[in-house]
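# sequence first, predicted model second:
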Amino acid sequence: MSKIIQSSIARKVVMALSGIFLVLFLALHFTINFTSVVSPDTFNELSHFMGYNFIVQFIMQPILIAGVVIHFVMGFVLEIQNNRARGVKYVQYKGSANAPWVSRNMIISGAVILAFLGLHFYDFWIHEMAYKYIEANPEDPTRYYAETVEKFAPFWRTLLYVLSFGLLSLHLWHGFASSFQTMGVNNKYTPSIVNFTKIYAVAIPLGFAFIAIYHHFNPIIH
Amino acid sequence: MKIYLKIWRQKDASSKGKMVDYTVEGIEGDMSFLEMLDILNEELISQGEEPIEFDHDCREGICGTCSLQINGRPHGPDTRITACQLHMRSFKDGDTITIEPFRAKAFPVVKDLIIDRSAFDRIQQAGGYISVNTSGNTVDANAIPIEKDKADHSFNAATCIGCGACVAACKNASAMLFTSAKVSQFALLPQGRVEAADRVLNMVRQMDIEGFGNCTNTGACEVECPKGISLENIARMNREYLSASIKG
Amino acid sequence: MGILDSKVPKGPLAEKWTKHKNEINLVNPANKRNIDVIVVGTGLAGGSAAATLAELGYNVKTFCYQDSPRRAHSIAAQGGVNASKNYQGDGDSDYRLFYDTIKGGDYRSREANVYRLAEVSGNIIDQCVAQGVPFAREYGGLLDNRSFGGVLVSRTFYAKGQTGQQLLLGAYAAMNRQIHRGKIKSFTRHEMLDLVVIDGKARGIIARDLVTGEIERHSAHAVVIASGGYGNLFFLSTYCMGANVMAAWRTHRRGAFFANPCFTQIHPTCIPVSGEHQSKLTLMSESLRNDGRIWVPKKLEDAKAIREGKLKPTELAEEDRDYYLERRYPAFGNLVPRDVASRAAKERCDAGYGVNKTGEAVYLDFASAIKRYGTEKAYTSGIQDPDEDTVRRLGEEVIEAKYGNLFQMYEKIVDQNPYKTPMMIYPAVHYTMGGLWVDYNLMTTIPGCYSIGESNFSDHGANRLGASALMQGLADGYFVLPYTIGDYLSKDIRTGKIPTDSPEFDKAEKDVRDRLEKLMSGKGKHSVDYYHKKLGKIMWDKCGMSRNEKGLKEAMKEIAELRKDFWENVKVPGSADSKNQELEKAGRVADFLEIGELFAKDALDRNESCGGHFREEYQTPEGEALRDDKNYKYVAAWEYKGEPKDAKLHKEELVYENIELKTRSYK
């Protein structure tokens, strides 16, 4: 790790690779979540599979967590280094004149997403861990849908989720295409990559937000 | 026109600097920005004050000596020009203009608006050349045909004037555009391919040693570059660097 | 021969250089490590020389006042670099390049030097390509050429409009490689303030660190002056702001002869002065004259109305325009050489026909070219009977493709659209052919002190052809000096390191300190620029595009008076022991105030008109230059004797064995 951190380009590549990995994960996550709107049974089945499959739980989940940690830690390291590289600050700095807000403020969107992840982990992941490993409850392949919908009952949580998805959208808007540039891809396909990024950056967070709002307004009537 | 100025004054590298207010009158639109500063300086001298020191030389946008951050942007509000090509017609009577040196840890202030960009020289010294002796005993210039498209791209990268606007504009004070322009110029030519791997590794290492920030692909450098050097060069350098690293 | 021995080798012209290289002494590689060379200036000549000397094994120190060697003003050269490669198969040869250069220089340069220049020109291109200079190429992948003024072949290699930049970056890269190896020590933001001569030999320099103000001593076995030209003595020129004659002039004061100071090139197509505030002039490429027609109004009242903004040039009828170049020179028209075009513009403006508010501008009009190209384009695109707007649009497209970047540059500076209204141009100083006198080995009259590039006088005679400056700088630096300097240094292999604590260094440093102190002690109220502008005005009015005896005598007197006033009164704020741009300028202007007088004296001595030197007394009834080969076929080399007016003239007779002297005619 220390060797990698020594080269600026390698640091960027680490950011790009972990970023792309997380982008792919988002697509998967969204697909599974979306089934909760269409078919609660499918959602339960998939969730159960993910929750109890050995490969998912003990190989992919640690990789994912590592990806998240690397992306965030490296993000903060880069931010600190980049801040130091300026030295004396400008009295007047018109960043908006030459670069979009999203690209200049990845640290802000990133930090909000990190905070959101805290809440999200608290809501689902810690709950799951406790349910499975601490309380050692028996397997119940039908509980997931109800638990999920339940979470979105409070207005505040739905609102926080939706806001975070907004920031996620901004983060993806710059980050996704940017990772291609970092990996050295800048050619005739670049405009298509940028366009795809824009669609992806809007569609995925919008979809997540839709799911949250949908469940908020469609509680399970007991 | 009457112009209000806020200008960074700093006695020398070790002193603390501050912004100082000045006013100049009788400014015409046809004057260049630097000629406006000349007028201010003549006034300061006549009042027995020390004039404001700023770097400039060719005053036609090619030497890359100007290093003024004008109203928060390198080389001022216009694009594709250096500060010496900026004219006062871009401003209006009563405007306040803030002038600072390009800021980067790797570009320490020498005096007032003058900075030390020798970091750029050292990056070039680390490998920004093709290792041939200048004996003249090389092969004939037309012995190796070069695809026009590649030659043109190489030329476009080579037009970098080394002013440092890319660093000044970048929120991370990154020198990737500068370094990649030189890496690209040679990487695109058959003469430069021979030592391309060593070149990119050495130049990037030196760039990092100098303390420039990391590129986050905001694209500010490309927008502010007076010569319009493209971000494609950074992507090319990343490619070159990755393949050189993997080959070890 | 007298005191000036040009040391031109014997033998046939084409064999001189090879023979000379074979016969001169060499220094063995082990000994080169013990020899130090100082190079002052890091432009094309200095940069290429430093790199090559370091490659050979010498320990090189380079000095430049800029913050990086890459910023030297060679970078501003636009057009290209000549080489007799004959890639186009249009009959070019070393001889033809040699012939064109001698003729273009109006027969005032040394045959052997110019032939050598032509001979090594091809090597420059090979070398630069090997270094990765991205020259323009054709679709087949081979190098492209363009043609330039004054010649009948296409021999100019180019990199868009930035050839100088690309070549300089090539030399800078070669330097960087040697800096990295530790063979060059590069002193940036350093200015040479004096030459140190020990036992008659150049042994070092006194330099000032421009950041700390510290005065430093640097010793070496040889000193190479590559500090460029002195055109900035005109205040307004296309030179960079910092260009100066200090290194060359200090060398002159220490004993090097200064040759042909009055040979200055004034380029016809520059953007005119817009007002008192002007600090610098911008060149527009000579290529514009291929399609632009130069004119002024025929009637004085129209010119006045235009100056006052009451009349637009486009409103003036064809018959009220005076296309004076086409009128005077029907054969060459707008494509007469630079000196002729410049003088003609001045003549019209002096007569009151100038077209901008200062009265010093003429029109360069593309309207007829736009119309011609537009009609052609419409025809080839199959448009029958195109209307005026279509023709105009198509024509503008063609012009944009050819000159787009220049038009854009013009619009940025002048804020007028040159597609719609004619451009305004006026001549400006941009190159000095004169410089330190050097022999065939490029050594000045001080043993061990060399001068290369624009700072010497040798290759361009009284007028330089386009794209030849880059050629000369690189030829001197890469291929000539590194050989010839070895002949001299071969005698120094046992000398050992030159100590810097000798009485000569003490004395030189004291001189420098006294001078700085004096500059700082002025009691008056005027700044350096005040004096520089005054000097510039005297030079421009009396030693500019046309000169006469009365004006030159006045100029000498006025400059001497101005110099006296300057030394007593110039106001330099700040201190000498820190960064002080005013002090830097003051030192440079002080030297301009001396060379200006010598310039006028030289022009006064030369009772003929040749190349860039036009004496009103010596012209044909039609107003053309009248050269006097019988009496003035010599290089005027001036020896320093205190005041510039007391300088002593030494003549190097020019011998033309291979070329017949002819009168240039462009009628």
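Everything's here; your move.
# the residue in the stretch 401-550 of chain C positioned nearest to chain B: neighbour count?
Closest residue of the stretch 401-550 of chain C to chain B, CB to the nearest CB: residue C:527 (4.5 Å). To be clear about C-beta, it is placed using only N, CA and C from the backbone, and glycine gets the same treatment. By other CB atoms under 10 Å in any protein chain shown, 24 other residues sit near residue C:527.
# equivalent analysis for residue B:25, please.
10.
# not counting its neighbours along the chain, what's nearest it?
residue B:2 (4.9 Å; CB to CB, 6 or more residues apart in numbering or on different chains).
# coming back round to it: doesn't residue B:45 make contact with the residue of the stretch 401-550 of chain C closest to chain B?
Yes - contact criterion CB atoms under 8 Å: residue C:527 and residue B:45 qualify, at 4.5 Å.
# what is in contact with the two at once?
Here residue C:527 and residue B:45 share the contacting residues C:571, C:582, scored by CB atoms under 8 Å, 6 or more residues apart in numbering or on different chains.
# who's the closest spatial neighbour of residue C:611, skipping the chain neighbours?
residue C:462 (2.6 Å).
# what about the one you found, which SS state?
coil (DSSP: H, G, I helix; E, B strand; the rest coil).
# run a quick neighbour tally on it.
Neighbours of residue C:462 using other CB under 10 Å come to 29.
# dump the residue contacts of it.
Contacts of residue C:462 by CB under 8 Å, 6+ apart are C:105, C:106, C:107, C:108, C:260, C:263, C:433, C:610, C:611, C:612, C:613.
# so where does the fourth one fall, helix or strand?
Residue C:108 is part of no helix or strand when elements are defined by DSSP states H and E.
# what about it, how many residues nearby?
When neighbours are counted by other CB under 10 Å, residue C:108 registers 28.
# tell me the pLDDT at the residue nearest to residue C:611?
pLDDT recorded at residue C:462 is 95.
# repeat that for the one 4 residues further on.
With respect to pLDDT, residue C:466 has a value of 84.
# residue ranges with poor pLDDT in chain B?
Within chain B, the segments meeting pLDDT under 70 span B:248.
# care to break it down by domain?
B:3-111, B:117-131+B:146-247 (automatic domain parsing).
# what sits against whichever residue of chain C sits closest to chain B?
As assessed by CB to the nearest CB, chain B sits closest to residue C:141 within chain C, at 2.9 Å. The contact partners of residue C:141, taken as CB under 8 Å, 6+ apart, are B:145, B:146, B:147, B:148, B:151.
# any residue of the longest helix anywhere in chain A up close to chain B?
Scanning chain A for the longest helix, with DSSP state H as the assignment, gives helix A:8-38. Yes - using CB under 8 Å from any CB of the partner chain, helix A:8-38 reaches chain B at A:8, A:9, A:10, A:11, A:12, A:13.
# could you dump the next helix-or-strand element following that helix to CSV, C-alpha only?
Going down the chain from helix A:8-38, the next helix or strand is helix A:40-52, by DSSP H and E. Extracted C-alpha coordinates of helix A:40-52, given in CSV (Å, rounded to 0.1, in the frame of the first residue of the first chain):
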residue,chain,number,x,y,z
PRO,A,40,-41.9,-8.9,-2.8
ASP,A,41,-41.3,-12.7,-3.2
THR,A,42,-38.5,-12.3,-5.6
PHE,A,43,-37.0,-9.7,-3.3
ASN,A,44,-37.2,-12.0,-0.4
GLU,A,45,-35.6,-14.8,-2.3
LEU,A,46,-32.7,-12.8,-3.6
SER,A,47,-32.1,-11.2,-0.2
HIS,A,48,-32.1,-14.5,1.4
PHE,A,49,-29.6,-15.8,-1.1
MET,A,50,-27.3,-12.9,-0.6
GLY,A,51,-27.6,-13.1,3.1
TYR,A,52,-26.8,-16.8,3.5
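# burial of residue 55, as a residue count?
Went with chain A since none was named. 8.
# wait, I meant chain C there
20.
# assign the residue of chain A most remote from its centre to helix, strand or coil.
Ranking residues of chain A by C-alpha distance from their mean position (CA atoms, centre = their mean) puts residue A:91 at the top, at 34.9 Å. The three-state label given to residue A:91 by three-state DSSP is coil.
# could I get the contacting residues of it?
Contacts of residue A:91 (CB under 8 Å, 6+ apart): B:6, B:8, B:19, B:98, B:100.
# confidence score at it?
Model confidence at residue A:91 (pLDDT) stands at 97.
# assign residue 166 to helix, strand or coil.
Using chain A here. Quick answer, by three-state DSSP: residue A:166 is helix.
# oops, wrong one, chain C.
Classified using three-state DSSP, residue C:166 is helix.
# low-confidence ranges in chain A?
A:1-5, A:222.
# roughly how far apart are the residue of the stretch 401-550 of chain C closest to chain B and chain A?
Distance, residue C:527 to chain A, using CB to the nearest CB, to the nearest Å: 29 Å.
# could you pull up the contacting residues of that residue?
B:42, B:45, B:46, C:570, C:571, C:582.
# turn the contacts of residue C:462 into CSV, columns for distance to residue C:228.
CSV is the format used below for the contacts of residue C:462 (distance: CB to CB, whole Å):
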residue, distance to residue C:228
C:105, 19
C:106, 22
C:107, 25
C:108, 20
C:260, 16
C:263, 15
C:433, 13
C:610, 23
C:611, 19
C:612, 17
C:613, 20
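# output these as JSON lines; include the columns secondary structure and pLDDT.
Converted to JSON lines, the contacts of residue C:462 look like this (DSSP: H, G, I helix; E, B strand; the rest coil; pLDDT from 0 to 100):
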{"residue": "C:105", "secondary structure": "coil", "pLDDT": "92"}
{"residue": "C:106", "secondary structure": "coil", "pLDDT": "93"}
{"residue": "C:107", "secondary structure": "coil", "pLDDT": "95"}
{"residue": "C:108", "secondary structure": "coil", "pLDDT": "96"}
{"residue": "C:260", "secondary structure": "coil", "pLDDT": "98"}
{"residue": "C:263", "secondary structure": "coil", "pLDDT": "97"}
{"residue": "C:433", "secondary structure": "coil", "pLDDT": "97"}
{"residue": "C:610", "secondary structure": "strand", "pLDDT": "94"}
{"residue": "C:611", "secondary structure": "coil", "pLDDT": "91"}
{"residue": "C:612", "secondary structure": "coil", "pLDDT": "93"}
{"residue": "C:613", "secondary structure": "strand", "pLDDT": "96"}
